[in-house]
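A.B. asks: Quick one: sequence and predicted model below, then my questions.
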Amino acid sequence: MTDHGSTTMPAVVNYAADPGSVEVREKPMPTLDHGGDDDVLLRVGIASICGSDLHQWTGDHSWPVNYPVTLGHEFAGTIERVGGHVVSFKEGDRVVSETAAVIDPDSPMSRQGLYNLDPSRKGFGYGVDGAMTTHVRVPARCLHRIPDALPFEIAALTEPCCVAYNAVVNNSNIKPGDRVLVLGPGPIGILCAVMAQLHGARVAIAGLERDANRLAVAAQYGLHTIADDPTEWARHGDGLGVDGVVDAAGVSTTLHTALDLVRPAGWISKVGWGPQPLNFSLDPLVQKNITLRGSFSHNWPIWEAVIALLADGQLDVKPIIGGVWPLTQWHEAFEIMHRGDIVKAVLNPNE
């Protein structure tokens, strides 16, 4: 645990684009000096590891990174200090934080409340220093209070739940009774499948044989799991395909699968990043009159809805948490999650 009087703190830092360029470094303790009137100093309770953190560690990400940067954009904690202009929060408040650390409040997207789509947006963990450390400076506009009964380990997963909510609730045409196929049993894929199930859909989630551990976790939610070709499940019934596909895999080729298995006039919600070229025709998109929508990030009302779902137990993320590691053991946590032994690893900087 970091001493309150310390001027430095340990942080998991991504320092270059080369694979493996992550290590624990001592970094200056953030302050609210120099323009921090609208910010808070947050003591991190839990920082969850995201697939994008792993991609920056392995060097196969497809987004710009401001090196060196402290990783971590899924986090919850306690406010230790508030800036001079902050009136909605106080010291001691338990909060979670959104990821849009830097936005242009005057951009057309921000003025619509869609600041997650502001082209100048920079997020924690790649654009500015994130939360895999003991303290992080956060704009107060990013914060949401959480109930005292909601543990930090659960609250820290609000962000990936919001990604899933946006992909399934806002960016699909899902209706109760629909048959929905989710491609990719990573954390986002499983949460998308659970969100579709909450929405009244009949859901299957597909992965590969190496995803056996993750698919076993998905099965705990009552989801139909497929460790091979999902064609048979998708074509069950009239043979035309599923009503919708959520593409949550990190490779571009799964979009080809989605186009093949969705029925005419169906929909695809693409939430997984895949930097590879497509190398296949998009003609089926036209011929089958498919609705294809990308889904990126989230905004304030999504966070409020997800916090309510977590707080009342309608959304249970405990099955996907595979363990809690101290910050010093970040590498072990990254390795275990990257291998697919577990769905989600979280770090406790106070151990």
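C.D. replies: In hand now; what should we look at?

A.B. asks: per-residue pLDDT, the spatially most central residue of the chain?
C.D. replies: Taking C-alpha atoms, centre = their mean, the centroid of the chain lies closest to P160, which sits 3.0 Å from it. pLDDT recorded at P160 is 98.

A.B. asks: in which helix or strand would I find it?
C.D. replies: helix 158-165 (DSSP states H and E).

A.B. asks: Confirm for me that the residue nearest to the centre of the chain is in contact with I49.
C.D. replies: No: applying C-beta atoms under 8 Å, one finds P160 not in contact with I49, separated by 10.3 Å. C-beta coordinates here come from the backbone N, C-alpha and C atoms, glycine included.

A.B. asks: Can you check which residues contact both of these two?
C.D. replies: Any residue near both P160 and I49 by C-beta atoms under 8 Å, 6 or more residues apart in numbering counts here, and that gives 74, 344.

A.B. asks: tell me, how many neighbours does K175 end up with?
C.D. replies: Number of residues near K175 (other C-beta atoms under 10 Å) recorded here: 12.

A.B. asks: Surely V194 is within a strand?
C.D. replies: No: using DSSP: H, G, I helix; E, B strand; the rest coil, the assignment for V194 is helix, not a strand.

A.B. asks: Give the full set of residues in contact with the closest residue to V136 other than its chain neighbours.
C.D. replies: Nearest non-adjacent residue to V136, counting by C-beta to C-beta, 6 or more residues apart in numbering: L42, 5.3 Å away. Shown in contact with L42 (C-beta under 8 Å, 6+ apart): 75, 77-80, 95, 97, 131, 135-138.

A.B. asks: do you know how far L42 is from G77?
C.D. replies: 5 Å (C-beta to C-beta, to the nearest Å).

A.B. asks: list the residues that contact both of these two?
C.D. replies: 95, 131, 136.

A.B. asks: Now do the same for the second one: its pLDDT.
C.D. replies: So that's A131. On the pLDDT scale, A131 gets 98.

A.B. asks: what about K122, neighbour count?
C.D. replies: 15.

A.B. asks: ditto for A11
C.D. replies: With other C-beta under 10 Å as criterion, A11 counts 27.

A.B. asks: try D312
C.D. replies: Going by other C-beta under 10 Å, the residues that sit close to D312 add up to 9.

A.B. asks: hang on, the earlier thing: show me the contacts of L42 that map onto strands.
C.D. replies: 75, 77-80, 95, 97, 135-138 (DSSP state E).

A.B. asks: coming back round to it: could I get the shared contacts of L42 and G77 as a markdown table with neighbour count?
C.D. replies: Shown next, in a markdown table, are the shared contacts of L42 and G77 (neighbours: other C-beta atoms under 10 Å):
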| residue | neighbour count |
| --- | --- |
| V95 | 21 |
| A131 | 30 |
| V136 | 29 |
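
A.B. asks: Please identify which of those residues is nearest to R263.
C.D. replies: R263 lies nearest to A131 out of the shared contacts of L42 and G77, by C-beta to C-beta, at 41.7 Å.

A.B. asks: from what I can see that closest one touches H73, true?
C.D. replies: Yes: judged on C-beta under 8 Å, A131 makes contact with H73 at a distance of 7.0 Å.

A.B. asks: Next, show the common contact partners of those two.
C.D. replies: 124-125.

A.B. asks: circling back: and the residue nearest to the centre of the chain, what does it touch?
C.D. replies: 48, 50, 74, 187-188, 191, 344.

A.B. asks: Reformat the residues you listed as JSON lines; add pLDDT, neighbour count and secondary structure.
C.D. replies: Shown next, in JSON lines, are those (pLDDT from 0 to 100; neighbours: other C-beta atoms under 10 Å; DSSP: H, G, I helix; E, B strand; the rest coil):
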{"residue": "S48", "pLDDT": "98", "neighbour count": "29", "secondary structure": "strand"}
{"residue": "C50", "pLDDT": "97", "neighbour count": "25", "secondary structure": "coil"}
{"residue": "E74", "pLDDT": "98", "neighbour count": "32", "secondary structure": "strand"}
{"residue": "P187", "pLDDT": "97", "neighbour count": "29", "secondary structure": "helix"}
{"residue": "I188", "pLDDT": "97", "neighbour count": "26", "secondary structure": "helix"}
{"residue": "L191", "pLDDT": "98", "neighbour count": "29", "secondary structure": "helix"}
{"residue": "K344", "pLDDT": "98", "neighbour count": "27", "secondary structure": "strand"}
